[in-house]
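Colleague: Below is the structure, and that's it, no one-letter string:
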């Protein structure tokens, strides 16, 4: 079995995807970590799929998805086919720093079931984070900390590592960017060990952001209510 499966959802990321794959591969190979990279593509029309399919590396796998499309659906399908002991979600725009992947694997090896890459711990570095996105982020995360009695400061960051045997056994419902928060919260209700490490985050330099503040915040709020019900009522 492989050490790590990295899932990268894509939709029109031709300007970023090859660099992202190369940076992730280089980091994992330098650390002698066996891996696969699953590019879960939502029918990109800009040439993203063609770029990935031309990469001569059997460890790079293109998942040509069919409708319904969405970040959450991409993660669900990626988790289903992942062969690594550790499953990591990363963004195609390299806002997540691949240099933290070895540490995430180490934390899983040491007993964590989920490793959250936090942008808001001491030692984290965040560059060019939009103000309204930051505001909604802190509101959601503080609500989670208060009502779930946990110290995790960045539940909403997609950059997380999961113990595969744990996450493959849970029901995932999210369609959008809230999916990784759902995965973590569902495991939390099953008494999983959640760890958090400081990471670096930088806003995308190329391509168009897919994050829609209103829709995503609404989905996070609905997810929050569902998880509260699950945690307190069963």
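Modeller: In hand now; what should we look at? As the structure is a computational prediction, the values presented were derived from the model and not from experiment. Numbering: from 1, shown residues only.
Colleague: C-alpha from now on. contacts and neighbour counts both.
Modeller: Will do.
Colleague: mean confidence score for stretch 79-99?
Modeller: The average pLDDT within stretch 79-99 is 96.
Colleague: Now do that stretch: distance to the chain's middle.
Modeller: 6 Å (Cα atoms, centre = their mean, to the nearest Å).
Colleague: swap in stretch 40-48?
Modeller: 19 Å.
Colleague: cool, and stretch 14-34?
Modeller: 16 Å.
Colleague: Show me where the protein has its strands.
Modeller: Taking DSSP state E, the strands of the chain run over residues 2-10, 35-41, 60-64, 84-89, 114-118, 125-127, 160-163, 194-198, 200-202.
Colleague: Let's have these in CSV, adding mean neighbour count.
Modeller: Output for those, formatted as CSV (neighbours: other Cα atoms under 10 Å):
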stretch, mean neighbour count
strand 2-10, 23
strand 35-41, 24
strand 60-64, 17
strand 84-89, 24
strand 114-118, 27
strand 125-127, 14
strand 160-163, 26
strand 194-198, 20
strand 200-202, 19
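Colleague: Redo those strands as a markdown table? Include distance to residue 187.
Modeller: Converted to a markdown table, those look like this (distance: least, Cα to Cα, whole Å):
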| stretch | distance to residue 187 |
| --- | --- |
| strand 2-10 | 19 |
| strand 35-41 | 23 |
| strand 60-64 | 26 |
| strand 84-89 | 14 |
| strand 114-118 | 8 |
| strand 125-127 | 27 |
| strand 160-163 | 10 |
| strand 194-198 | 9 |
| strand 200-202 | 25 |
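Colleague: Nearest to residue 142, out of those?
Modeller: strand 114-118 (13.5 Å; Cα to Cα).
Colleague: Please work out the average pLDDT along the closest one.
Modeller: On average, strand 114-118 scores 97.
Colleague: Now find how far off-centre that strand is within its chain.
Modeller: Worked out by Cα atoms, centre = their mean, strand 114-118 lies 9 Å from the chain centre.
Colleague: Quick check: which helices or strands does it pack against?
Modeller: helix 101-109, strand 160-163, strand 194-198 (3 or more Cα pairs under 8 Å, 6 or more residues apart in numbering; DSSP states H and E).
Colleague: quick one, phi/psi of residue 82?
Modeller: phi -60, psi 140 (degrees, to the nearest 10).
Colleague: meant to ask about residue 66
Modeller: Torsion angles at residue 66 (phi, psi; degrees, to the nearest 10) stand at phi -110, psi 160.
Colleague: Neighbours of it, how many?
Modeller: By the criterion of other Cα atoms under 10 Å, residue 66 has 11 neighbours.
Colleague: For the remainder of this discussion, apply numbering that starts at 402.
Modeller: Fine by me, first position is 402 from now on; the one you just mentioned is residue 467.
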